[in-house]
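S.K.: Generate coordinates for the sequence data below:
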Amino acid sequence: MDEHPHGEDAVLVAVQSALAKQPAILPVARGLSHFGEHSLGWLVVSGLGAAVAPARRREYLAAGVGAFLAHAAAVVIKRVVRRPRPSHPAIAVNVGTPSRLSFPSAHATSTTAAAMLLARPTGLPLQALLVPPMALSRLVLGVHYPSDVLAGIVVGAVVGKSVDRVARRAGTVEGGSR
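M.R.: Below you'll find the predicted structure:
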């Protein structure tokens with residue numbers, strides 16, 4: 001293997017060089033990784049929202065369904081594409097992963113869907129607040145290529161929009177999309 005990273009490997013090395021040694025970056029990135037594993041953090045947030053905000057229960061439950069479906073979609077795509085995770089010697093892998101498959105990032109996928117769907121009941125711009133840190137964390141941790149993360153965001157947006165449409169048609173959530 002060529003000693004000098006090229007393409008997406010070079011991007012990962014640059015991101016890690018710029019950020020990984022900054023105080024708190026790796027612990028925060030690892031925390032995001034554990035939170036997003038199998039979309040479990042988003043399922044907990046959705047369940048808690050449904051429990052504490054009964055008037056918005058269906059919207060919170062739709063967010064949980066969307067996060068779960070987005071994660072499932074990412075897993076199916078990973079098994080079809082079978083792209084291995086980054087492995088260049090210059091890239092530090094800073095967290096364990098449940099599989100060796102990289103494309104798309106399931107963390108970026110479920111986070112995007114959850115952020116889109118949780119924006120409705122919370123009234124917050126969650127896509128802008130949640131997606132960039134999760135996406136960047138996957139690069140800092142060295143477990144995804146940039147294209148894995150971007151594809152995950154696209155898949156998550158498609159799933160989130162689809163769940164939102166179905167929920168509105170079924171009358172389980174009100175109004176237009178945020």
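S.K.: now the chain, which segments are flagged as low pLDDT?
M.R.: Residue ranges of the chain with pLDDT under 70: 1-2, 172-178.
S.K.: Show me the residue sitting in the middle of it in space.
M.R.: residue 108 (2.1 Å; Cα atoms, centre = their mean).
S.K.: so what's that residue up against?
M.R.: 131, 134-135, 138, 144, 148-150, 152-153, 156 (Cβ atoms under 8 Å, 6 or more residues apart in numbering). In short, each C-beta sits where N, CA and C put it, glycine included.
S.K.: ok, it to residue 59 distance?
M.R.: 22 Å (Cβ to Cβ, to the nearest Å).
S.K.: Spell out which residues sit in contact with the nearest residue to residue 57 once chain neighbours are set aside, please.
M.R.: Counting by Cβ to Cβ, 6 or more residues apart in numbering, residue 57 lies nearest to residue 50, which is 4.5 Å off, once chain neighbours are set aside. Contacts for residue 50 (Cβ under 8 Å, 6+ apart) come out as 56-57, 60-61, 64.
S.K.: now those residues in JSON lines, with distance to residue 28, secondary structure and neighbour count?
M.R.: Below are these laid out as JSON lines (distance: Cβ to Cβ, whole Å; DSSP: H, G, I helix; E, B strand; the rest coil; neighbours: other Cβ atoms under 10 Å):
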{"residue": "56", "distance to residue 28": "28", "secondary structure": "helix", "neighbour count": "19"}
{"residue": "57", "distance to residue 28": "31", "secondary structure": "helix", "neighbour count": "16"}
{"residue": "60", "distance to residue 28": "25", "secondary structure": "helix", "neighbour count": "25"}
{"residue": "61", "distance to residue 28": "29", "secondary structure": "helix", "neighbour count": "19"}
{"residue": "64", "distance to residue 28": "24", "secondary structure": "helix", "neighbour count": "23"}
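S.K.: Next, format those as JSON lines and append distance to residue 75.
M.R.: Output for those, formatted as JSON lines (distance: Cβ to Cβ, whole Å):
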{"residue": "56", "distance to residue 75": "28"}
{"residue": "57", "distance to residue 75": "27"}
{"residue": "60", "distance to residue 75": "23"}
{"residue": "61", "distance to residue 75": "21"}
{"residue": "64", "distance to residue 75": "17"}
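S.K.: Cheers, nothing more for now.
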